[in-house]
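# Quick one: sequence plus predicted model below, questions after.
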Amino acid sequence: MDDEQPADGSGAVEIDLLAVLPRLMQVGQVMRRSDLVERTMERVGIAIDRPAMTILVTLHMADRPLRVGEIAERMQVVGPHVTRQMNVLERRGLARRITDPQDQRARLIELTTEGAAAADRYLTTMLGWFAGALAGWSPEDRQAFGRLLGRFADDLTAHLAALGDDRPPAS
């Protein structure tokens, strides 16, 4: 298949999206089939489910306590989903609710020492596997990949959210 030329005559080569789609599907399949999240949790000895682990990682990466709504927004889920998982994390001693110093009526969620250590072990293991996959890449290629993947994820999320407003309600 020939590279497509842009209509603006700039001579820049456009990406062949039809060739990219199978690669995106391959990455998704590899991550699902390998049970990457579950395998990582098993390796580091964390016996919680995927959504609870996502909350731990979200809090760890935020590096500050967050409100349930902030966690839900970052995870792209609804608040009650986070609240249910938070109850499990709190019982397990991995996270706790604290008073928001800006609003005494509100609560923030923070990691306990054990929760922070669990999230750190998880991320260290997961990132180690990703680093192994990228070991043969140049620093420039790794930097470009990270920048472009982040941009793609943000733009696709925004684009699909805008399309969602036009969809008829599901029956």
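Sure, I can see it. Numbering: from 1, shown residues only.
# going forward, measure contacts and count neighbours with C-alpha atoms only.
Noted.
# Now do the same for the nearest residue to residue 113 once chain neighbours are set aside: its pLDDT.
In space, and not counting its chain neighbours, residue 113 is closest to residue 94: 7.5 Å by C-alpha to C-alpha, 6 or more residues apart in numbering. We have a pLDDT of 96 for residue 94.
# Give me the number of neighbouring residues for residue 94.
Residue 94 sits with 21 neighbouring residues when counted by other C-alpha atoms under 10 Å.
# For it, what are phi and psi?
According to degrees, to the nearest 10, the main-chain angles of residue 94 amount to phi -100, psi -20.
# got it, and the one 5 residues further on?
Comment: the main-chain dihedrals of residue 99 come out as phi -70, psi 140, following degrees, to the nearest 10.
# and it, what are its bridge partners?
On the basis of DSSP bridges, residue 99 is bridged to residue 107.
# Count the neighbours of it for me.
Per other C-alpha under 10 Å, the neighbour tally for residue 99 reads 12.
# my guess is it contacts residue 110, does it?
No: using C-alpha atoms under 8 Å, residue 99 makes no contact with residue 110, being 10.3 Å away.
# did I read that right, residue 27 in a helix?
Yes: secondary structure of residue 27 (DSSP: H, G, I helix; E, B strand; the rest coil): part of a helix.
# if I look at it, how far off is residue 143?
Residue 27 sits 19 Å away from residue 143, going by C-alpha to C-alpha, to the nearest Å.
# Now residue 41: closest residue in space, sequence neighbours ignored.
Excluding the flanking residues, the one nearest residue 41 by C-alpha to C-alpha, 6+ apart is residue 122, at 6.4 Å.
# quick one, what contacts the residue nearest to residue 113?
56, 111, 112, 113, 114, 115, 116 (C-alpha atoms under 8 Å, 6 or more residues apart in numbering).
# residue ranges with poor pLDDT in this protein?
Residue ranges of the chain with pLDDT under 70: 1-13, 165-171.
# 50 - rerun?
Applying pLDDT under 50 to the chain flags the ranges 1-8, 167-171.
# picking up where we left off before, which pair in the contacts of residue 94 spans the largest distance?
Greatest spatial distance among the contacts of residue 94 (C-alpha to C-alpha): 56 and 113, at 11.5 Å.
# So which of the two has more stuff around it?
residue 56 (27 against 11).
# tell me which element the more buried one falls in.
helix 50-62 (DSSP states H and E).
# Would you mind pulling up the elements that that helix packs against?
helix 68-75, helix 79-91, strand 103-111, helix 113-133 (3 or more C-alpha pairs under 8 Å, 6 or more residues apart in numbering; DSSP states H and E).
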